[in-house]
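In: Only the shape, not the letters, is given here:
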DNA sequence: TGCAACTATCGAAGCGTTTCGATTGCGTTT
DNA sequence: AAACGCAATCGAAACGCTTCGATAGTTGCA
């Protein structure tokens, strides 16, 4: 395997010249640079990663800690993992995957062995063990998600409160005054993943501000309870004219099936918005207005912030990504009283 | 950050003694070893990863190339990624995640910069670009899945042919002579992921060997075509008494719903086996006999083989993991003619 | 003409390990 | 008593890069 010495020899220069030519950190004559790049090409030279880490100040690797448990929704999880990896590669960073059973010890290990320059934290719980470790390590880190105590941390996430408020405002603009919300399964709220409660709370407070009547149900992941959840909403809120879905793909599909089965047309009989889903919603029949949860948005920003931190300390912050709204025609004014 | 020099100073020995004490590669007096481990503890010393890579012969990192595309079924994909990461950690290896848009160039990059000791290849297509690159690089690599040309490669996978044969033999043992198969969507077969055809072919040849009548249908991922697929099976094979499912969770769920809706009882009216699914099938009503696709089985073995290759070349091979069978009571003798 | 200010290049000192030969001191064997 | 073998330890040479501080050679300007 060719080393920088070989390149220097072939190009007829010293190794420091090669290093500077490749890094661009000092000016090098065009003719020399050309000889060097030719030599690199010819030898198939690639700088040795270990040597670089040792001599340089950075490793060009980020750790990604992405716990996976029973309640995790695989497609969304996957989307975030991939988005982080892609964003990192765009800045010449690689991603090292930490496993959940090594969550805190793995962080310590990779940080104190200087294997990584920083840490990206996914699927953040309100009370998250990783927060304490990261504070203590002082390693550059970005949380995608927001723990309860954000003191000293850099966090990025979709603005779920604003997303909920956006859903409410679109519906009230259309004239709705009775709006239901179908959320995730109770386990998701119980376990402490932080965005479902944030959406729910944003929903309730925006509704309260508008003086809108609300109802909320949390179906289990599997079949029959979706039906029960819908029944519960109609029981609590008999005049419900609009529905916000903040739940998994299978549940949303089930809801649409049940509505169809009951002869309820969207949007004539019921307006529906799909909120903060990380999957495509345009295959539903009819297609639904959507406030998408775009993994790439948060992850790209997270990687940028991580890179800034590698360069030097930055101010702690919580950055909320504003929600977008995609119209697909699933909202109409409420039907006149039947 | 404490270095090996600090440890040596505190313990009152030379750095080589520290290194040998920690690696165990030469004998060290118990008293000395104790002083060293105390110093390590006290200073919170962790060997620097970069220095280790440079001086030693290995990096203790594997690259994981796991392409993700439209046809990918996220939960299964995730299960394999996690299983690889866990198996690697059990051998003190970390996992570097390569993205699909850098599939071949990423392999070249991490291998020739000596960032990784080896490569684990997931979701192998029959004709897979990564095969050529890996042959050319000569880096230790293990394929989880089997490309068409396995010349010189080390591959591990569930024995899908044997799994199909096992399903057939369980059903023929119970007296079935007309067996249907519901497979993945046509796109999966077209794109070249290699296990669906292997299962299908194993199914047909085992059935032929037993003189059993068969039918095969490939529903699209979404709703209505599952119904169509079942209709197709009953049309092609009016006397069908048993069904093998080799498809995604949502499709299996849909099949069970449709059977229930049509008043077909499992197993009295139809025997059903779920084959090579990486999800839990015991929540179906009724629970289904299952030939599970256990990610950990293949991934553990793959990591072992990768580690053997890091130590020195091993013979190329295709290792097939034998299928298991979980009885749950979804098989009965065929119903007498109705 | 002389000197300052550049530009382009080089040499050498690290970075923190691993590992290969010593070297030392003891107990055993002849 | 000389010779040997072994266990425990040390010193120093890599490993391949980055980067700091020279050094020559050029140019510009007083």
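Out: Sure, I can see it. What you are looking at is a predicted structure, and each value in this text was computed from that prediction instead of being measured. Residues are numbered from 1 along each chain as shown, chains lettered A, B, ... in the order given.
In: Show me the shaky parts of chain A.
Out: A:192, A:221-224, A:337-338 (pLDDT under 70).
In: Okay, strands next: where are they in it?
Out: Remark: strands assigned in chain A by DSSP state E are A:61-65, A:94-98, A:118-121, A:141-144, A:154-158, A:178-182, A:213-217, A:242-245, A:271-275, A:289-291, A:317-321.
In: Partner strands of the fifth one, with direction?
Out: Sheet pairing for strand A:154-158, assigned by DSSP bridges, gives strand A:141-144 (parallel), strand A:317-321 (parallel).
In: neighbouring contacts of the first one?
Out: Going back to what we said before, that points to strand A:141-144. Under the contact criterion CB atoms under 8 Å, 6 or more residues apart in numbering or on different chains, strand A:141-144 has outside partners A:80, A:84, A:118-124, A:131, A:134, A:150, A:153-157, A:298-299, A:302-303, A:305-306, A:309. In this view, the C-beta of every residue, glycine as well, is placed from N, C-alpha and C.
In: that older thread, mean neighbour count and distance to residue B:58 for the strands paired with strand A:154-158 - can I get that in CSV?
Out: As requested, the strands paired with strand A:154-158 are arranged in CSV below (neighbours: other CB atoms under 10 Å in any protein chain shown; distance: least, CB to CB, whole Å):
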stretch, mean neighbour count, distance to residue B:58
strand A:141-144, 26, 28
strand A:317-321, 15, 39
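In: wait, which of these is closest to residue B:13?
Out: For those, the distance to residue B:13 is smallest for strand A:141-144, at 35.8 Å, taking CB to CB.
In: any idea how far the closest one is from the chain center?
Out: A distance of 10 Å separates the C-alpha centroid of strand A:141-144 from that of its chain, computed with CA atoms, centre = their mean, to the nearest Å.
In: likewise stretch A:147-163?
Out: Taking the mean of its C-alpha atoms, stretch A:147-163 sits 12 Å from the chain's own mean (CA atoms, centre = their mean).
In: Could you tell me the end-to-end distance of that stretch?
Out: When the termini of stretch A:147-163 are compared using CA to CA, to the nearest Å, they are 19 Å apart.
In: thinking again about what came up before, could you dump the strands of chain A into a markdown table and include distance to DNA strand D?
Out: Compiled in a markdown table, these are given as follows (distance: least, CB to the nearest atom of the strand, whole Å):
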| stretch | distance to DNA strand D |
| --- | --- |
| strand A:61-65 | 15 |
| strand A:94-98 | 16 |
| strand A:118-121 | 17 |
| strand A:141-144 | 22 |
| strand A:154-158 | 24 |
| strand A:178-182 | 53 |
| strand A:213-217 | 55 |
| strand A:242-245 | 51 |
| strand A:271-275 | 46 |
| strand A:289-291 | 44 |
| strand A:317-321 | 28 |
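In: can you list those in JSON lines and add distance to residue B:19?
Out: Formatted as JSON lines, the entries for these read as follows, by distance: least, CB to CB, whole Å:
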{"stretch": "strand A:61-65", "distance to residue B:19": "24"}
{"stretch": "strand A:94-98", "distance to residue B:19": "25"}
{"stretch": "strand A:118-121", "distance to residue B:19": "28"}
{"stretch": "strand A:141-144", "distance to residue B:19": "31"}
{"stretch": "strand A:154-158", "distance to residue B:19": "37"}
{"stretch": "strand A:178-182", "distance to residue B:19": "60"}
{"stretch": "strand A:213-217", "distance to residue B:19": "61"}
{"stretch": "strand A:242-245", "distance to residue B:19": "59"}
{"stretch": "strand A:271-275", "distance to residue B:19": "57"}
{"stretch": "strand A:289-291", "distance to residue B:19": "56"}
{"stretch": "strand A:317-321", "distance to residue B:19": "43"}
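In: and the strands paired with strand A:154-158 as CSV, adding distance to residue B:29?
Out: Below are the strands paired with strand A:154-158 laid out as CSV (distance: least, CB to CB, whole Å):
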stretch, distance to residue B:29
strand A:141-144, 42
strand A:317-321, 53
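In: Run a quick neighbour tally on residue A:234.
Out: Residues within reach of residue A:234, counting by other CB atoms under 10 Å in any protein chain shown, total 14.
In: So for it, what's the nearest residue that isn't a sequence neighbour?
Out: The shortest distance from residue A:234 to any non-neighbouring residue, by CB to CB, 6 or more residues apart in numbering or on different chains, is to residue A:240 (6.1 Å).
In: any idea how far the one you found is from residue B:77?
Out: 38 Å (CB to CB, to the nearest Å).
In: before we move on, what about residue A:263?
Out: When CB to CB is the yardstick, residue A:263 and residue B:77 sit 38 Å from each other.
In: again with residue A:8
Out: With the distance defined as CB to CB, residue A:8 ends up 44 Å from residue B:77.
In: rewinding a little: looking at the strands of chain A, which is closest to residue B:112?
Out: Proximity of the strands of chain A to residue B:112 was assessed by CB to CB; the nearest stretch is strand A:94-98, lying at 14.0 Å.
In: Point out the other helices and strands that that closest one packs with.
Out: Strand A:94-98 sits against strand A:61-65, helix A:74-90, helix A:103-112, helix B:74-89, strand B:94-98, with contacts defined as 3 or more CB pairs under 8 Å, 6 or more residues apart in numbering or on different chains; DSSP states H and E.
In: Direction included, what does that strand pair up with?
Out: Looking at strand A:94-98 with DSSP bridges, its partner strands are strand A:61-65 (parallel), strand B:94-98 (antiparallel).
In: Okay, angle between the first one and helix A:74-90 too, please.
Out: Using axes from the mean of the first three to the mean of the last three CA atoms, to 10 degrees, the inter-axis angle of strand A:61-65 relative to helix A:74-90 is 170 degrees.
In: Quote the end-to-end distance of stretch A:207-219.
Out: Using CA to CA, first and last residues of stretch A:207-219 are 21 Å apart.
In: wait, stretch A:60-68
Out: Start and end residues of stretch A:60-68 are separated by 25 Å (CA to CA).
In: who's in contact with that stretch?
Out: Stretch A:60-68 is contacted by residues A:52, A:77, A:80-81, A:84-85, A:88, A:92-98, A:100, A:103, A:106-107, A:110-111, A:115-123, A:130, A:303, A:306, B:78, B:82, B:96-97 when judged by CB under 8 Å, 6+ apart.
In: before we move on, back to that, show me which of residue A:263 and residue B:77 is the more surrounded one.
Out: Per other CB under 10 Å, whichever of residue A:263 and residue B:77 has more neighbours is residue B:77, with 20 against 7.
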